[in-house]
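Enquirer: what's the 3D shape of this:
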Amino acid sequence: MLSHTSILIISIFILGMATGNISSVPANSSFLMMGVFGVISYFGLGALADSRERKRRQQILEQKEEALEGRLERHLTTNPQCHPPQRVASAGSLHNADRQAEMPQLTTCQNR
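Expert: Predicted structure coming up:
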């Protein structure tokens, strides 16, 4: 299996062959085109690998967020005396004042 880094190494080798005195003029131009195409492929495949990695990380974060929301919802709805919240907000969306206002309600439900 070829990685995008090995494609870069092979392309640089081919570009070196194109600039050398060993081969003829038609071969030099084909070596030059292959080398340039390989370098362009290296950058394209590198960008593709980065975008796939970002997408994979985003999916993992979404799965963890859903699992955490499910656990929180199950935890808050297991006590029949407590009323479940209308909507579970993400950690970054609540303001500090909202958090402080909701904390006594959560602690009183948990202590019952």
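
Enquirer: average pLDDT for the lengthiest helix in the chain?
Expert: In the chain, ranked by residue count with DSSP state H as the criterion, the top helix is helix 25-77. For helix 25-77, the mean pLDDT works out to 89.

Enquirer: Please renumber the chain so that the first residue is 48 from this point on.
Expert: Renumbered: residue one is now 48, and that last one reads helix 72-124.

Enquirer: For it, enumerate the helices and strands it packs against.
Expert: On a contact count with 3 or more C-beta pairs under 8 Å, 6 or more residues apart in numbering; DSSP states H and E, helix 72-124 meets helix 51-66. Where C-beta positions appear, they are placed from N, C-alpha and C, glycine not excepted.

Enquirer: Show me what the helix it packs on packs onto, helices and strands only.
Expert: Secondary elements touching helix 51-66 (3+ C-beta pairs under 8 Å, 6+ apart): helix 72-124.

Enquirer: report the angle between the axes of the helix it packs on and helix 51-66?
Expert: If you take axes from the mean of the first three to the mean of the last three C-alpha atoms, to 10 degrees, helix 72-124 sits at 170 degrees to helix 51-66.

Enquirer: Counting neighbours, what do you get for Q105?
Expert: If you count neighbours by other C-beta atoms under 10 Å, Q105 ends up with 10.

Enquirer: what's near enough to touch it?
Expert: For Q105, the contact set (C-beta atoms under 8 Å, 6 or more residues apart in numbering) is empty.

Enquirer: Would you mind measuring from it to I57?
Expert: Q105 sits 32 Å away from I57, going by C-beta to C-beta, to the nearest Å.

Enquirer: Any figure for the gap between F60 and V86?
Expert: In terms of C-beta to C-beta, F60 sits 12 Å off from V86.

Enquirer: between these two, which one's more packed in?
Expert: Set F60 next to V86 and count neighbours by other C-beta under 10 Å: V86 wins out with 16 against 12.

Enquirer: Name all residues that make contact with T66.
Expert: T66 makes contact with N75, according to C-beta under 8 Å, 6+ apart.

Enquirer: Can you give me the distance of S50 to G93?
Expert: When S50 is compared with G93 (using C-beta to C-beta), they lie 10 Å apart.
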